[in-house]
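Quick one: sequence and predicted model below, then my questions.
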Amino acid sequence: MISRRRWLQLLSSSGLGSALGPSGAWHAGPKSSARAARIHANSLPAFEGIPSAKSGISWTHVAGISPEMYMPETVGPGCAFLDYDNDGWMDIYLVNSGPCDFYTPPHPLRNALYRNNRDGTFADVTEKAGVAGNAYGMGVAVGDYDGDGLPDIYLTQYPHSILYHNNGDGTFTDVTAKARVAAPGWATSAVWFDYDNDGLLDLFVCRFVDFNKAKNIYCGYGAENKRWYCKPNVYTPMPCWLFRNNGNGTFTDVSKETGIAKSLAKAWGVVAADINNDGWMDLFVGNDTVPNFLFANRKGRFEEIGLLAGVGLSPFGLARSGMGVDAADYDQDGWIDLFVTNVDHETYSLYHNSKDETFSDAAPGSGIAATTKMMSGWGVKLFDYDNDGNVDLLLCNGHPDLMVEQRLQNVAYREKLLLFQNTGKGWKNVSAESGPIFSQELAGRGMAVGDFDNDGSLDVLLTQNDGAPVLLRNNAGRENHWLGLKLVGRKANIEAIGARVAYQAGDLLRHQWKVGGGSYLSSHDPRMVLGVGQRQKIDWLEVKWPNPCGKTERFTNLPVDRYITIVEGEGGWK
Amino acid sequence: MRGIMSNFLLRWPLPVFGILLATASVAGQAPPASSAAANSNVERAIDLATKGRCEEALPALKQTLSRPPGRGAGNEQTSGKQLEYRAAMAAAKCAMSLDQAQTAVNALFLLKRDFPHDPEVLYITTHYLSELATRASQELAHTAPDSYQAQELQAESFESQGRWAEAAAEYQKILNQNANVPGIHFRLGRVALSKGASEANTEEAKKEFEEELKTDPSNAAAEFSLGEIARRAGKWDEAIARFSTAARLDSGFAEAYLALGMSLASAQKFAEAVAPLEKYVKIVPDDPAGHYQLAIAYDRTGRKESAAKEMQLQREAAAKAPPSATSATPQ
């Protein structure tokens, strides 16, 4: 009759429900329903790949793939949108591999900093900037740690990371030693955020396993014992790093005293967000083959609550391969929700916040779990790509094992991007109708979101392992009205990470949090874009500045379809 | 169709099999000389078996199968166990070669009972039972080729090979002959799901499961399947109702309790989720899923201590869980 013992698993692998429509209704917010049709009428896809010949971005990632299959070879790299020269236009930073104990590049390799020429093209300024990296690069976190108004670059690498201080003249200085943030080991994602509410940006660095050339493990498969990239359960987990900003260009390693080091990680992704609305920034960390962490910030000390919060394990009580993570209030109930990507046969999870430091996985029934059942995800961002006021979801995918197709059916090394539109009532997979780029199979890894052409449509930069990056122009956001915000903290941290922005445009009432980090190995445009659909006016806007400021400022008579800057405490915008 | 391995095993020359018996892991050493008359008879029977004279050997070997386990003490017990092991192995082999299924099964069950972790026992049990299944299916095909049971077996064979269309056609033939054969609509539903992920396949499966319940309202598996479709669609109320019915129809259906508990938890009905999850962990204590879900249910209902205890059990169960079938293994 029925093989009952593993029936749940059988059903889950049968694809059951993959075509079930979204049913996780949350609210019936207003929606600009004509948008998709207009885009179609204009013959412009929602996202359009910009060829390197047009953008000028000719840099390519080199993984140094070897017969020994060292794991770092298959998991990078990251990328960033940043305005390094403060000209109001997003520049691009791309991370490469490099020399280390297991890899000697046959030709010199370097990271790349591309300056935005403000005409859709970019110029390589890496050499002058001095941000080439010096080891096997992984990811990047951008933040103005010294509050001088210039974004600095933290570059994660194996076997040590680098902090590049922005000198303000187009060059950077390696200040790692002085700052004491080398984080020896294999660092992956990192995030700038203010964990102790002192108004300074601190630094959390994800650490993956205990690894070096001598510790590389042979993983074989099948009768021939053919070598594959290992699943990380064979490696030893390591604690992540937390560096407190001393405010004088140096940092103190507070991993132990804050409780961070108590939890052994195999961390890929991190996002900083206030999940319990207590005014202290928490951390959600995606771990591979050990439970994900949810570090609840108890006034500067962290309590790891992931397991009982319902975000640590699969519904079947097993650790998955958590990769990229993100956070946003997708259903506008006032509480930040979480997302984590996993690998094939695991499904990704959308954790809805139950408002009591617990979460429930809303991916089943939303169409997201079924669609991602056989996929492996890395870069992820919850953002409003079409400026209708609802937070959508973009996923960058690809399997970590080059030869997975030889051992598994229905799993591919290169995979397609996925775009889910938030309809206000549920999630709709709109990938197929959002441009030819969604038909391309990519070895996707890092993904950053930013508006490189300043049209209010958040564009996308993604990286491929051992391949060229992909720059996507967003054509969908232009079809609606928007307001771009650059928030500048004074008492609060200068980037206003943790700020809550609420706004009303006619019948549309929305709020957004400015979270720290998110995605995978990557860093985003620090500006916020508030979508208002077809409404032509924003009635009011409130900014609740993060602690130690904690104040709320209200603004009226706001423009649309342009960027403005709001400085904490100045009472106006410019 | 016979399996390659079972053919290989059955075609071993008996003298080779005799060597195997003498070197089998449980014996560990050369068989001790025995002076007891009964043991002598058994030794002789084993010897006959190794020479391929199974018809002569089997009557004495059968007698050893009916002896109670654990006789003797110390060395005597050890040598008795070794003799029992070798005799049962020989009995199983001879019974298979003489097509005496009942004797073969008795020998295998004795071996499984008294030597549960012996690799050789597990190995021959796998292959002999597989061979017996093959023989039974051949007999079915020979004696009742037009029976629905023969067609069902054929359809299941197609299913196991992933030949979904042929499997469905074979099941449909059964229904064309008799629309009321229980279990066939359920199988068709399962085939529909196996065909691949699509709304059409899910709808087709749903229809078949519902048809099954019209034919056989007591089919817990069909109820469960409909519950799972509902659960994946986020239709918690329907899922809860279906899983509840499945558990009521078959009180030993452990997964129905787990699925019911998970659905209740998803519907934020944590207090109600506790009972089915407690039942599940009692039935399947080594599944981390049950402990994890129960820990969550306890936690959400304020039973923090019980939640912590269940999380510990989850960790222990997860540590013992076999690695994923999809992961490469370190060598």
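Looks like it came in fine.

How about the residues of the stretch 101-250 of chain A by chain B?
Counting by Cβ under 8 Å from any Cβ of the partner chain, the residues of the stretch 101-250 of chain A close to chain B are A:217-221, A:225, A:228-231, A:233-234. In short, each C-beta sits where N, CA and C put it, glycine included.

So which residues make contact with the helix or strand encompassing A:Val543?
If you go by DSSP states H and E, A:Val543 is part of strand A:538-544. With contact meaning Cβ atoms under 8 Å, 6 or more residues apart in numbering or on different chains, strand A:538-544 is reached by A:483, A:487, A:496, A:499-506, A:530, A:532, A:550-556, A:558, A:560, A:566, A:568.

wait, what's in contact with A:Gly147?
Here A:Gly147 is in contact with A:200, A:494 (Cβ under 8 Å, 6+ apart).

mind listing the strands for chain B?
If DSSP state E is used as the criterion, the strands of chain B fall at B:329-330.

rewinding a little: any of the residues of the stretch 101-250 of chain A next to chain B buried? List them.
A:219, A:221, A:228-231, A:233-234 (16 or more other Cβ atoms under 10 Å in any protein chain shown).

Return the item of those residues having minimum pLDDT.
Lowest pLDDT among these: A:Tyr221, with 81.

Next, the buried residues of the strand holding A:Val543.
A:538, A:541, A:543-544.

got it, and stretch A:206-218?
A:206-209, A:211, A:216.

farthest-separated two in these?
Pairwise distances across those (Cβ to Cβ) peak at 20.3 Å, for the pair A:Cys206 and A:Asn216.

Over to the residue in the stretch 51-200 of chain A that chain B sits nearest to: give its phi and psi.
Using Cβ to the nearest Cβ, the single residue of the stretch 51-200 of chain A nearest to chain B is A:Met69, 9.8 Å away. Main-chain dihedrals, A:Met69, degrees, to the nearest 10: phi 50, psi 60.

Can you tell me how far the closest residue to it other than its chain neighbours is from A:Pro105?
Excluding its sequence neighbours, the residue lying closest to A:Met69 (Cβ to Cβ, 6 or more residues apart in numbering or on different chains) is A:Tyr229, at 5.0 Å. Separation of A:Tyr229 from A:Pro105 (Cβ to Cβ, to the nearest Å) stands at 20 Å.

Next up, the contacts around A:Pro159.
So A:Pro159 contacts A:100-101, A:135-136, A:184-186, A:212 (Cβ under 8 Å, 6+ apart).

For it, grab phi and psi.
According to degrees, to the nearest 10, A:Pro159 has phi -100, psi 10.

cool, and the one 4 residues further on?
When read as degrees, to the nearest 10, the backbone of A:Leu163 gives phi -110, psi 120.

Likewise for the one 3 residues further on?
Phi and psi for A:Asn166, reported as degrees, to the nearest 10, are phi -80, psi 120.

Quick check, it in contact with A:Pro151.
Yes - counting by Cβ atoms under 8 Å, A:Asn166 touches A:Pro151, with 6.0 Å between them.

residues shared between the contacts of these two?
With Cβ under 8 Å, 6+ apart, A:Asn166 and A:Pro151 have common neighbours A:84, A:144.

Look up how far A:Met374 lies from A:Val411.
Using Cβ to Cβ, A:Val411 is found at 6 Å from A:Met374.

cool, and A:Asp388?
30 Å.

same check, this time on A:Leu350
18 Å.

Now do residue 21, the pLDDT please.
Reading this off chain A. 29.

ah, I was thinking of chain B
35.

and if you look at A:Ala309?
Reading off the confidence values, A:Ala309 has pLDDT 97.

out of the buried ones among the residues of the stretch 101-250 of chain A next to chain B, which are inside strands?
Filtering these for strands - DSSP E - leaves A:219, A:221, A:228.

pLDDT below threshold where in the chain?
The chain I'm using is chain A. A:1-42 (pLDDT under 70).

try again with chain B
B:1-36, B:67-78, B:323-331.

so B:Asp114 touches B:Lys81, yeah?
Yes - taking contacts as Cβ under 8 Å, B:Asp114 lies within contact range of B:Lys81: 7.3 Å.

what number of residues lie near whichever residue of chain B sits closest to chain A?
Chain A sits closest to B:Gly234 of chain B, with a gap of 2.4 Å, by Cβ to the nearest Cβ. B:Gly234: 25 surrounding residues under other Cβ atoms under 10 Å in any protein chain shown.

Does it touch A:Asp361 like I think?
No - the pair B:Gly234 / A:Asp361 is not scored as a contact, 10.6 Å apart, by Cβ under 8 Å.

which among the buried residues of strand A:538-544 gets closest to chain B?
Comparing the buried residues of strand A:538-544 against chain B with Cβ to the nearest Cβ places A:Lys544 closest, at 28.6 Å.

And the closest one, how close does it get to B:Gln268?
As judged by Cβ to Cβ, A:Lys544 and B:Gln268 stand 29 Å apart.

Would you list the phi and psi of the nearest residue to A:Ser66 once chain neighbours are set aside?
Leaving aside its sequence neighbours, A:Ser66 sits nearest to A:Glu73 (Cβ to Cβ, 6+ apart; 6.5 Å). Reported as degrees, to the nearest 10, the phi and psi values for A:Glu73 are phi -60, psi -20.

show me the contacts for A:Glu73.
A:63-66, A:97, A:103, A:229, A:466.

Between these, identify the one with the most neighbours.
Counting neighbours by other Cβ under 10 Å, A:Ser97 comes out on top of the contacts of A:Glu73 with 27 neighbours.

number of nearby residues for A:Thr371?
By other Cβ under 10 Å, 21 other residues sit near A:Thr371.
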